[in-house]
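A.B. asks: Return atomic coordinates for the entry below.
(chains A and B)
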Amino acid sequence: MVDPDYLKFDTLSLHAGQEPDPVTGARAVPIYQTTSYSFVDTEQAAGLFNLEQPGHIYSRISNPTVAVLEERIAALEGGVGAVCTASGMAAFHLAAATIMSAGNHVVASRNIYGGTHNMLNLTMPRFGITTTFVDPRDPEAWRAAITADTRVLFAETLGNPGIEVLDVPLVAEIAHEHGLPLMVDATFTTPYLMKPIDLGADIVMHSVTKFLGGHGIALGGVIVDGGRFDWAANQKFPTLSQPYDGYHGITFAEEYGHQALSMRARAEGLRDFGAAMSPTNAFHLLQGIETLPLRMKRHVENAISVIDFLETNDAVAWVSHPSVTTHPDHDLAQRLLPKGAGAILSFGVVGGREAGRRFIENVQLASHLANVGDAKTLVLHPASTTHQQLSAEDLTAAGVGEDLIRLSVGLEDPEDIIADLSRALRASQKG
Amino acid sequence: MNFECRGEVVNYATGGVAIDRELPLVVLLHGAGMDRTVWSQQTRYLAHHGFAVMAVDFPGHGNSDGMLLSSVKEMADWVSEFIAEVGMGPARLIGHSMGSLVSLEVAAHHPESVERLVLLGTAPAMPVHPDLLGAAERNEILAPQLMTSWAHGARAHIAGNPTPGLWMRSGCQALLERAKDNVIFNDLTACNAYEAGDVAAMITCTTTVVVGSEDKMTPPRATAHLVAGLSDVDLKHLDGVGHMMMIEVPDRIREILLSALR
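C.D. replies: Residues are numbered from 1 along each chain as shown, chains lettered A, B, ... in the order given. Reported below is the predicted structural model:
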């Protein structure tokens, strides 16, 4: 039996979307630090503005450096196209604004990043889009929350902070049963660990700032269009299935079919909302992606080493990560994440909130900050920082125990990470 | 847009421009397992350059209703009827791959339907690898994967999409994956069974043939056999381009089409 002669993941991480510059021969991706592009003549200019032919007009809509990053991420995810944005939050907004309007409704996992939760819970309702939050592990909860106004199901491939594994095929099936797309935030997994489109997801978003970039020096977001969802199969998505006056009556699903979402997100969303990625940030993020497979492999290996240490430490009450056999999603992770369930984990410090605070104040190598997915190991004690205004009861309701430490395991030598954690854990018990 | 032919809905793209019956009609025919959107980089351009454009979905493909047509000849008869029903013929007929075979047959057996012919990725026969046929018969994802792999030139497997942010390989594969069960197998079987015979000699209209140097599905030497039989033909050779030339080098194809159609 013959096989498709596709370039492999590691090769695409280095090459997809870019050829040596045909004029200068530059091998690395040049930074096209320009706002705008000279037109050949008035006919070409008119053609570009009218979507008759592709090309760059203004860097709010597209830019050659950003386009390389978009093509590369689309290639790694197996999507038909991608649109980069200024941040992960901008990516979520771009996708939502492209497929929804006032009066529409979202069904979302309740275990998602706080920023996204705020946008869905507090901000979007001001624009007429409401959300019902559900337990991502409960298929009936997903089904029960869908209404006639629902337009998308949304969850993270690995939840936050409990690292719940999303059963992407199952939730995708529920979405598709109702003629709806599934959108996932795959920031914690990256396409190295999971390719959600292959599992049935229709839109994938990332905070590229995190593992994809890996260096913590550049903000960015992206939406990836899976290209398998039929936006014209029902009347739920008029932005894609009905004529759009913004381009003289073009119907994106009719003209672009499987690429309709990518085309409209750029042609309308970046044009009108303007949350574009800067070319320099795209360049930095591309440098990160070149080593994504190497880094993710090491992230996962280090996480496993750290988990092994934590599980045997007397100052640790519990460890939560899908690789741990007692984690409720352990079996699911084995099936959907065969290369590993990422490098973000949580654990409880014996002694509760005060012990957690002492642990954080005694780490020396790990960085105490509110981020994840950096090459450097990061720690956070939500009960004494991001969630310090909450009572013990409120913390429990939010799935954040007083003793919970969130750890994003970096690329340092694992012995050094473990030595740092060991020292801080000893200090945590000296209250 | 929708039109009715043989009592079934035919879906077609116009480039987002309403059909002006005073303009010359251009009909674009897609390849096996695909639909009208393979022409998305050309339709809107042509529609704004003096043509009434109809990129059709064959019956049972894309958003068209109807039963699949099981042979190239049946497809050609259907296209001829469609052009007659539209009432704007003769058409300038553009066909890619399987669509090029259909175009050949229309021009040979229904010459009143065709004023000019443009054939992309074409050959007098299109034998299909048995592994591909088998995968298509079993509706396996391997079929779209093999077609996508073989249909693109080496450059297109890495980069080079002039439309910012679009990734060619997955674009082709997703389009094929959207085909309903049995569509790819039906079309590949039709291609596999087709032999042009002396069809080329029957064609009287001006013909433009476009061939890519890296086309593995209709390689240049196979295209040359067809070209040799055509009496009024202009051969356009594209270096470093595979079978999906409308996607791989859309700018070049727009230029060629505009020149050929005018």
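A.B. asks: Near chain A, which residues of the stretch 51-200 of chain B? Just list them.
C.D. replies: With C-beta under 8 Å from any C-beta of the partner chain as the criterion, the stretch 51-200 of chain B comes near chain A at residues B:62-63, B:129, B:131-132, B:142, B:145-146, B:148-150, B:155, B:157-167, B:169-171, B:173-175, B:177-178. Using the backbone N, CA and C atoms, a C-beta is placed for each residue, glycine as well.
A.B. asks: I'd like to know which of these are buried.
C.D. replies: B:62-63, B:132, B:142, B:145-146, B:148-150, B:155, B:157-167, B:169-171, B:173-175, B:177-178 (16 or more other C-beta atoms under 10 Å in any protein chain shown).
A.B. asks: Mark which of those are part of helices, please.
C.D. replies: Using DSSP state H, the members of these that fall in helices are B:132, B:142, B:145-146, B:148-150, B:169-171, B:173-175, B:177.
A.B. asks: and stretch A:195-207, which residues are buried?
C.D. replies: The neighbour-count check on stretch A:195-207 (16+ other C-beta under 10 Å) flags A:195-197, A:199-207 as buried.
A.B. asks: wait, stretch A:325-334
C.D. replies: Residues of stretch A:325-334 classed as buried: A:327, A:329, A:332-333 (neighbour count, 16+ other C-beta under 10 Å).
A.B. asks: Just those: which are in helices?
C.D. replies: Using DSSP H, the buried residues of stretch A:325-334 in helices are A:332-333.
A.B. asks: Dump the buried residues of stretch A:325-334 into JSON lines; add distance to chain B as well.
C.D. replies: As requested, the buried residues of stretch A:325-334 are exported to JSON lines (distance: C-beta to the nearest C-beta, whole Å):
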{"residue": "A:His327", "distance to chain B": "31"}
{"residue": "A:Asp329", "distance to chain B": "26"}
{"residue": "A:Leu332", "distance to chain B": "22"}
{"residue": "A:Ala333", "distance to chain B": "24"}
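A.B. asks: biggest separation within the buried residues of stretch A:325-334, which pair?
C.D. replies: Spatial extent of the buried residues of stretch A:325-334 (C-beta to C-beta) is set by the pair A:His327 and A:Leu332 at 9.3 Å.
A.B. asks: middle-most residue in chain B, spatially?
C.D. replies: B:His96 (2.5 Å; C-alpha atoms, centre = their mean).
A.B. asks: Am I right that that one is in contact with B:Gly121?
C.D. replies: Yes - the pair B:His96 / B:Gly121 is scored as a contact, 5.5 Å apart, by C-beta atoms under 8 Å.
A.B. asks: anything in contact with each of these two?
C.D. replies: By C-beta atoms under 8 Å, 6 or more residues apart in numbering or on different chains, B:His96 and B:Gly121 have these common neighbours: B:Gly31.
A.B. asks: quick one: which of the buried residues of stretch A:195-207 is nearest A:Ile223?
C.D. replies: With C-beta to C-beta as the yardstick, the closest approach to A:Ile223 among these comes from A:Met205, at 5.0 Å.
A.B. asks: bridging residues for the closest one?
C.D. replies: A:Asp185, A:Ile223 (DSSP bridges).
A.B. asks: and it, what does it touch?
C.D. replies: Under the criterion of C-beta under 8 Å, 6+ apart, the neighbours of A:Met205 are A:88, A:91-92, A:95, A:183-187, A:221-224.
A.B. asks: And for B:Glu112?
C.D. replies: The contact partners of B:Glu112, taken as C-beta under 8 Å, 6+ apart, are B:89-90.
A.B. asks: ok, so what distance separates it from B:Ala91?
C.D. replies: Counting by C-beta to C-beta, to the nearest Å, the gap from B:Glu112 to B:Ala91 is 10 Å.
A.B. asks: quick revisit: could I get the contacts of A:Met205 in CSV, plus columns for pLDDT and neighbour count?
C.D. replies: Output for the contacts of A:Met205, formatted as CSV (pLDDT from 0 to 100; neighbours: other C-beta atoms under 10 Å in any protein chain shown):
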residue, pLDDT, neighbour count
A:Gly88, 97, 24
A:Ala91, 98, 30
A:Phe92, 98, 26
A:Ala95, 98, 26
A:Met183, 98, 25
A:Val184, 98, 30
A:Asp185, 98, 28
A:Ala186, 98, 26
A:Thr187, 97, 28
A:Gly221, 98, 26
A:Val222, 98, 30
A:Ile223, 98, 31
A:Val224, 98, 36
